[in-house]
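Peer 1: just coords:
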């Protein structure tokens, strides 16, 4: 209970005094100090803060202040008022966020957990209009079961979001690739013998160039302009590959 009250902006001392007043009812400072074991001067300071927040009221009887806690339902009003004020500034915050997203940055991720976190963030922020283009790894599909499983899981998640997910794959791993990916609905891929830049991902406003190895490492460049250039590069190669090499899995039930 105390944690919830803290989350709406009450201090530990304010919580103690407010709860004591709820139990005592209308009372003077003395009983509150006794119940909370807080010194009188600090009780007065805390009561003033609670009065300012609208959680405590008082009346004067025989020149002495008697304090009383407001109905706990009033706390809901405080929460609603904070929500209302936040909604007012939300457009400003979103605009500031937009400026941040338009900035060009580069970030390095090292280690499996760091790489996993990076991909989780990327996938969660992709929208229905997003694209995810990949110059696929080569040896990783053959030499590392962990890498193969990790990469496959990414494309399964992309399939669930029904995104434009395309890969250009080196022909030397065609057999292994089809075995691992032919069951994923919606994924598109083509095979090529050209020396493609393995381990390169292009999506929306990001370019990710990474290697698996013993300690996976990725360089993530955030830039709409650069991503747009790489997108055109990918599509040029995609469109140049013989259409007969194009492979797309579609379940018979969809026909």
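Peer 2: Thanks, I have the structure now. None of these values were measured; they are calculated from a predicted model. Numbering: from 1, shown residues only.

Peer 1: mind listing the strands for the protein?
Peer 2: For the chain, the strands defined by DSSP state E occupy 56-61, 64-69, 105-110, 131-135, 164-170, 188-192, 200-203, 206-211, 217-222, 246-248.

Peer 1: and the closest residue in space to residue 150 that isn't next to it in sequence, how far from residue 192?
Peer 2: Leaving aside its sequence neighbours, residue 150 sits nearest to residue 116 (Cβ to Cβ, 6 or more residues apart in numbering; 7.7 Å). Bear in mind the C-beta positions are built from the backbone N, C-alpha and C, glycine included. Residue 116 sits 29 Å away from residue 192, taking Cβ to Cβ, to the nearest Å as the criterion.

Peer 1: and residue 96, by the same measure?
Peer 2: 43 Å.

Peer 1: which of those two has more neighbours?
Peer 2: residue 192 (17 against 9; other Cβ atoms under 10 Å).

Peer 1: next, the contact list for that one, please.
Peer 2: The contact partners of residue 192, by Cβ atoms under 8 Å, 6 or more residues apart in numbering, come to 168-171, 237, 241, 245.

Peer 1: what of residue 33?
Peer 2: Going by Cβ under 8 Å, 6+ apart, residue 33 touches 39-40, 43.

Peer 1: highest neighbour count among these?
Peer 2: Going by other Cβ under 10 Å, residue 43 tops the contacts of residue 33 with 20 neighbours.

Peer 1: that residue contacts residue 30, correct?
Peer 2: No. Between residue 43 and residue 30 there is no contact under Cβ atoms under 8 Å: 9.0 Å.

Peer 1: give me the distance between residue 104 and residue 128.
Peer 2: Computed as Cβ to Cβ, the residue 104 to residue 128 distance reads 25 Å.

Peer 1: these two - which one has more neighbours?
Peer 2: Higher neighbour count among residue 104 and residue 128: residue 104, with 11 against 8, using other Cβ under 10 Å.

Peer 1: quick check: that one touching residue 222?
Peer 2: Yes. At 6.4 Å, residue 104 and residue 222 qualify as touching, with contact defined as Cβ under 8 Å.

Peer 1: can you flag the buried ones in the contacts of residue 192?
Peer 2: Among the contacts of residue 192, those buried by neighbour count (16 or more other Cβ atoms under 10 Å) are 168-170.

Peer 1: got CSV for these, with pLDDT and distance to residue 69 too?
Peer 2: Listed next are these as CSV, based on pLDDT from 0 to 100; distance: Cβ to Cβ, whole Å:
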residue, pLDDT, distance to residue 69
168, 94, 67
169, 91, 68
170, 90, 71
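
Peer 1: which residues sit in contact with residue 155?
Peer 2: Here residue 155 is in contact with 165, 167, 181, 184, 187 (Cβ under 8 Å, 6+ apart).

Peer 1: residue 158 is in contact with the first one, correct?
Peer 2: To tie it back to what came earlier, the one meant is residue 165. Yes. With contact defined as Cβ under 8 Å, residue 165 reaches residue 158; the gap is 4.5 Å.

Peer 1: overlap in contacts, these two.
Peer 2: 132, 187.
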